[in-house]
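>>> how does the following fold in three dimensions:
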Amino acid sequence: MRHIQATAIILCALLLFCHQTFAADTDQLESFGSVEERRLKENILQERATIRKEREEIALRKNELKTLEEGVDKKLAEIDNKLDELQKLQNKIQALLAEKSAVEKKRLKDLAGIYQKMSPNKAALALTGLEKMLAADLLANMKTKSAAKILDEISKQKAVELSTSFTTLQLE
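Residues are numbered from 1 along each chain as shown. I've put the predicted structure just below:
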């Protein structure tokens, strides 16, 4: 008897459970008018999940881009600073070169004055041993009369070379 009662209780519980499950399935079927509606709802839910994931990925990429942009901005600022420094150094070098050039011109003029005061024979002998451009520059800084006397004392070939160097434009 106890065995029959236990079996009856178990059967009642199973029936109650099956009835609730059937009722839940029926409620779900009733909420959708058709299988097509259920499929569409599942597709919509999947699309929503996909969109959420894509939005999260976009947000991560925006953060990455923002970080990269900040890095690029810092590098550009560093480059601008380096360019400013280089411009200052270039101006300083140009000033030093101009100063050097002025000093060289003054020394060349002083040396030309010394050669001019020498006897033409000794000046010609000294100029012959110098580099062609230096000798031409020295002659250019002398008075015409003194330069002519010195050129008269130099060999014909050397005088031609110096005259050619003297008349050729030189770019510094």
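>>> burial count for P120?
Neighbours of P120 under the rule other CB atoms under 10 Å: 18. The C-beta positions use only the backbone N, C-alpha and C, and glycine is treated the same way.
>>> oops, could you answer that again for L125 instead?
Using other CB under 10 Å, L125 is surrounded by 14 other residues.
>>> can you tell me how far it sits from K158?
11 Å (CB to CB, to the nearest Å).
>>> check L45 too.
According to CB to CB, L45 and K158 sit 102 Å apart.
>>> okay, these two: which has more neighbours?
The neighbour comparison of L45 against K158 (other CB under 10 Å) goes to K158, with 15 against 10.
>>> list the buried ones in the helix or strand containing the more buried one?
Per DSSP states H and E, K158 falls inside helix 156-167. For helix 156-167, the neighbour count (16 or more other CB atoms under 10 Å) marks A159, L162, S165, F166 as buried.
>>> same question, stretch 109-127
Residues of stretch 109-127 classed as buried under the neighbour-count rule (16+ other CB under 10 Å) are A112, Y115, Q116, P120, A123, A124, L127.
>>> so which of those comes closest to D137?
When these are ranked by distance to D137 (CB to CB), A112 comes first, at 7.9 Å.
>>> wouldn't that closest one be in contact with M142 here?
Yes - the pair A112 / M142 is scored as a contact, 5.0 Å apart, by CB atoms under 8 Å.
>>> which elements pack onto the strand or helix carrying E54?
Secondary structure from DSSP H and E places E54 in helix 35-117. Applying 3 or more CB pairs under 8 Å, 6 or more residues apart in numbering; DSSP states H and E, one finds that helix 35-117 contacts helix 120-128, helix 132-140.
>>> now it against helix 132-140, angle please.
Interaxial angle, helix 35-117 versus helix 132-140 (axes from the mean of the first three to the mean of the last three CA atoms, to 10 degrees): 60 degrees.
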